[in-house]
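Asker: build me a structure from this.
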Amino acid sequence: MFQQRDQPEGVPPLALTGERTLPDVPEENYWYRRHLVVYEWIAARLAGMRVIDMACGEGYGTDVLARRAASAVGVDANPEAHEHARLRYRRPNLRFVRDLVDGFSEEADAVVFLQTIEHLEQPGAVLDHFRSLVGVAGVLYVSTPNVLTLAPKGASRSGNPWHVHEYRLGEFETLCREHFGSVEIYGLFHARKLRVHELALRLGWDRLHPLLGVTRRFYGWFTPAIEVRDFQLRRAGEADLEKALDFIAVCRP
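Answerer: Numbering: from 1, shown residues only. Now for the predicted structure:
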């Protein structure tokens with residue numbers, strides 16, 4: 001099992017279980033950057049706002065939001081993740097609370113809920129709760145992986161044991177519109193070297209690198225080298241969102 005490297009003194013490292021994404025794990029860097037780019041995109045839109053990051057996990061995303069927001073609260077029920085986040089990320093406008101996402105009640109200008117709705121048995125009830133927190137003028141940012149790009153070819157879902165339901169574009173948009181009056185959907189796509197790698201796979205790179213004996217060396221370099229710039233958010237009209245890696249909904253009451 002992989003574990004975080006090089007943590008600050010006094011901060012217990014977290015183990016990579018598949019339930020949450022972690023920084024400081026080179027083998028996990030693809031997923032970390034894939035999540036981080038969305039946090040940074042959202043943070044740029046939250047200047048001066050009160051923000052709640054629900055199911056914040058390790059806390060890196062809440063810290064990103066706090067760089068621009070007036071205040072940021074990271075909420076997570078897991079005791080190890082909460083303790084790690086509390087000790088590692090410290091800013092005057094940042095705090096972490098151990099609580100369930102449907103139990104934490106504090107008014108905010110924005111709620112952020114990334115890569116977690118697929119874990120829920122009753123997502124509608126949680127969306128209603130978030131709507132009550134942001135009032136009539138706030139905003140919810142919610143994301144989920146696209147099952148069509150997450151699951152193996154021909155499979156109806158991925159093998160992630162933590163996921164209750166994995167969404168197609170239409171399902172996700174319908175769910176959001178049932179609980180919010182205004183919903184705008186974006187998609188996350190590969191860019192730069194990840195786009196080149198994607199094209200290489202289509203040309204047979206997965207068959208070639210084992211024959212050349214370079215698999216470990218290549219991915220030992222390539223995966224840690226992935227950057228936020230290797231992903232790009234696009235909206236409907238700019239790309240076919242059915243082919244997106246993840247869906248990001250911007251929801252207003």
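Asker: going forward, measure contacts between C-alpha atoms and count neighbours the same way
Answerer: Fine.
Asker: check the offset of the single longest helix found in the chain from the chain's centre.
Answerer: Secondary structure of the chain per DSSP state H: the longest helix is helix 29-43. Relative to its parent chain, helix 29-43 has a centroid offset of 6 Å by C-alpha atoms, centre = their mean, to the nearest Å.
Asker: do stretch 66-79 as well
Answerer: Using C-alpha atoms, centre = their mean, the offset of stretch 66-79 from its chain centre is 14 Å.
Asker: pull up the distance across it, start to finish.
Answerer: 21 Å (C-alpha to C-alpha, to the nearest Å).
Asker: pretty sure R216 is in a helix, no?
Answerer: Yes. Per DSSP: H, G, I helix; E, B strand; the rest coil, R216 lies within a helix segment.
Asker: what about it, distance to E27?
Answerer: 11 Å.
Asker: just want to know which of the two has more residues nearby.
Answerer: E27 (17 against 11; other C-alpha atoms under 10 Å).
Asker: that one and T223 touch, don't they?
Answerer: Yes. Shown here, E27 and T223 form a contact pair, counting by C-alpha atoms under 8 Å, at 6.6 Å.
Asker: the longest strand seen in the chain: what's the following helix or strand?
Answerer: When the chain is parsed with DSSP state E, its longest strand is strand 182-190. Next helix or strand after strand 182-190 toward the C-terminus (DSSP states H and E): helix 192-202.
Asker: what helices and strands are in contact with that next one?
Answerer: Using 3 or more C-alpha pairs under 8 Å, 6 or more residues apart in numbering; DSSP states H and E as the contact test, no helix or strand touches helix 192-202.
Asker: report the buried residues of that helix.
Answerer: Buried residues in helix 192-202, counted by 16 or more other C-alpha atoms under 10 Å: K193, L194.
Asker: using CSV, write out every CA atom in whatever helix or strand comes next after it.
Answerer: Next in sequence after helix 192-202, counting helices and strands by DSSP H and E, comes helix 205-212. This file holds the C-alpha atoms of helix 205-212, laid out as CSV (Å, rounded to 0.1, in the frame of the first residue of the first chain):
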residue,chain,number,x,y,z
TRP,A,205,1.6,2.1,-27.2
ASP,A,206,0.2,-0.3,-24.6
ARG,A,207,1.3,-3.2,-26.8
LEU,A,208,4.7,-1.7,-27.6
HIS,A,209,6.2,-0.6,-24.2
PRO,A,210,6.1,-4.1,-22.7
LEU,A,211,7.9,-5.5,-25.7
LEU,A,212,10.6,-2.8,-25.4
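Asker: just give me how far helix 205-212 sits from the chain centre.
Answerer: That offset, for helix 205-212, works out to 31 Å (C-alpha atoms, centre = their mean).
Asker: do stretch 42-57 as well
Answerer: That offset, for stretch 42-57, works out to 13 Å (C-alpha atoms, centre = their mean).
Asker: now tell me what touches that stretch from outside.
Answerer: For stretch 42-57, the external contacting residues (C-alpha atoms under 8 Å, 6 or more residues apart in numbering) are 20-21, 61-62, 64-78, 81-82, 85, 100-101, 108-114, 116, 141.
Asker: now list the buried members of these.
Answerer: 20-21, 61-62, 64-77, 81-82, 85, 101, 108-114, 116, 141.
Asker: which of the residues you listed fall within strands?
Answerer: Short answer: the buried ones among the contacts of stretch 42-57 in strands (DSSP E) are S71, A72, V73, G74, V75, D76, A110, V111, V112, F113, Y141.
Asker: now the helices for this structure?
Answerer: Using DSSP H, helices in the chain cover 29-43, 60-66, 79-88, 123-134, 147-150, 169-177, 192-202, 205-212, 215-225.
Asker: T116 contacts T144, correct?
Answerer: Yes. Between T116 and T144 there is a contact at 6.8 Å, judged by C-alpha under 8 Å.
Asker: thanks a lot, see you next time.
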